[in-house]
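J.: Here is my input, please return the structure:
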Amino acid sequence: MSEALRRYGPLLTAAIVALTAFWVVVLIVLPQLLMVDFSFRPMLPPSKAGGPEDVHTLRNYATLWGNTVHRGIFLQTIWASALVTLSTLAVCYPVAFYMAQVAPRGRVATLMLLLVIPFWINELLRTFAWYVILAYNGPLNAVLLSLGIIDEPRRWLGTPGAVILGMVYVYVLFMVFPIYNAIETLDRAQIEAARDLGASWARIHRRIVIPHARPGIAVGCVMTFMLAAGSYAVPAILGGPGSRWFTEIIYNWFFEGGNWNQGAAY
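T.: The predicted model follows:
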C-alpha cells in the first residue's frame, strides 16, 4: 500500500482500492453468499417463499452425499483434474525452460506469439476443432491409418483421454507463462557453473531450476487445476457418459432440472 501511495498518490490509490473492493464484494463475495444461502433452502414455489416451509436445511447436501453416482463423478472429476494438471505441467515445463534459458530473444517473441495466437479464438471454437480432429472420420484416424499404426478407425470422442487432451490444450497458457516468468529470473551462470562441474541435466533441473521455479510451478498448477475442475465446455463437447464432469451435473440441476437450490449445494 505504501508503494502504491508513493507511486500513484492518495487520490488515484483510493480510486484503485475502491474499484477493487467493489469488484471483489459485488461480483464475487455477494454472489457466493447468495449461492450458499440458496444451498441451505428447499426448492419452493414463489407463493411459499418466506413461509413456514422456507427454512434452512441440510436436505440438499444430504442428496449430494446420498447419491453414490454423483459422488463418484465428483471424485472422478478431482482425480481427472489432477491428471490434467500433471499432464499440462509435463508439456509446459520444457517449453518454458527452453524459452527462458535456451532460445534467443528474437525466437522467444516468435514462440510467445505462436502460443498466444490460438487463444485469440473462443474456447468453444478451439474445443470444436479438437472435436473435428478426434472424430471417427477425422484427421487423427486418417493419419494413423496411413501410417499403419491402426487397422481401423478408433472412437476417440467420448473417452476420458479426449477430455484430458482437450483441457491440456485449452489451459496450456495458464501453466507455461507462470513457469516461464519464474525460470527467466534464474541466472544462467548457475546452470553453466553446474555443467562445468559435471552435473547432468537431470540433476541441474532437480537441484537448481525446479527449486527456483517452484513459485511459478505452484501458481500454474493451482490455476490449471481450478480451471479444469470447473470446466464445462470441454467435457460437454469431447466427453461422453463414461467421462462426465461434475460441472455437467451442476448445469443439469440449474438449467434442466430447474432446481437452483440443489444446484447451489452441488
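
J.: Thr88 versus the residue nearest the centre of the chain, what's the distance?
T.: Per CA atoms, centre = their mean, the C-alpha nearest to the average position across the chain is that of Leu227, at 2.5 Å. According to CB to CB, to the nearest Å, Leu227 stands 10 Å off from Thr88. Bear in mind the C-beta positions are built from the backbone N, C-alpha and C, glycine included.

J.: Mutual contacts of the two, please.
T.: Applying CB atoms under 8 Å, 6 or more residues apart in numbering, one finds that Leu227 and Thr88 are jointly contacted by Tyr171.

J.: Once you drop chain neighbours, what's closest to the residue nearest to the centre of the chain?
T.: Residue nearest to Leu227 in three dimensions, not counting chain neighbours: Tyr171, with 5.3 Å by CB to CB, 6 or more residues apart in numbering.

J.: Report the contact partners of the one you found.
T.: 84, 88, 223-224, 227-228.

J.: Next, count neighbours for Val69.
T.: 9 (other CB atoms under 10 Å).

J.: no no, Tyr61
T.: Neighbours around Tyr61, by other CB under 10 Å: 14.

J.: quick one: it and Arg41 touch, right?
T.: No: Tyr61 is beyond contact range of Arg41, at 11.8 Å (criterion: CB atoms under 8 Å).

J.: Distance check, Lys48 against Pro42.
T.: In terms of CB to CB, Lys48 sits 9 Å off from Pro42.

J.: Who has more neighbours out of these two?
T.: Comparing Lys48 with Pro42 by other CB under 10 Å, the one with more neighbours is Pro42, at 15 against 12.

J.: Who are the contact partners of that one?
T.: Neighbouring residues of Pro42 by CB under 8 Å, 6+ apart: 53-55, 57, 59-60, 261.

J.: what's the model's confidence in stretch 247-263, averaged?
T.: Mean pLDDT, stretch 247-263: 89.

J.: list the contacts for Ala100?
T.: 180, 183-184, 186 are the contacts of Ala100 under CB under 8 Å, 6+ apart.

J.: hmm, try it at 10 Å
T.: Counting by CB atoms under 10 Å, 6 or more residues apart in numbering, Ala100 touches 108, 179-186, 188, 209, 213, 216.

J.: So it: helix, strand or coil?
T.: Put simply, Ala100 is helix when judged by DSSP: H, G, I helix; E, B strand; the rest coil.

J.: Averaged over its residues, which helix or strand of this structure has the lowest pLDDT?
T.: Using mean pLDDT, DSSP states H and E, helix 2-24 stands out as the lowest-scoring helix or strand of the chain, at a mean of 81.

J.: Could you name the helices and strands sitting against the helix or strand just after it?
T.: Heading C-terminal from helix 2-24, the first helix or strand you meet, by DSSP states H and E, is helix 30-39. Helices and strands touching helix 30-39, by 3 or more CB pairs under 10 Å, 6 or more residues apart in numbering; DSSP states H and E, are helix 59-66, helix 260-265.

J.: what about 8 Å?
T.: Here helix 30-39 touches helix 260-265, going by 3 or more CB pairs under 8 Å, 6 or more residues apart in numbering; DSSP states H and E.

J.: got the contact list for the helix it packs on?
T.: Outside helix 260-265, the residues that touch it by CB under 8 Å, 6+ apart are 35-36, 38-43, 60-61, 63-64, 250, 253-254, 257.

J.: For those residues, work out which two are farthest apart.
T.: Val36 and Gly257 (19.5 Å; CB to CB).
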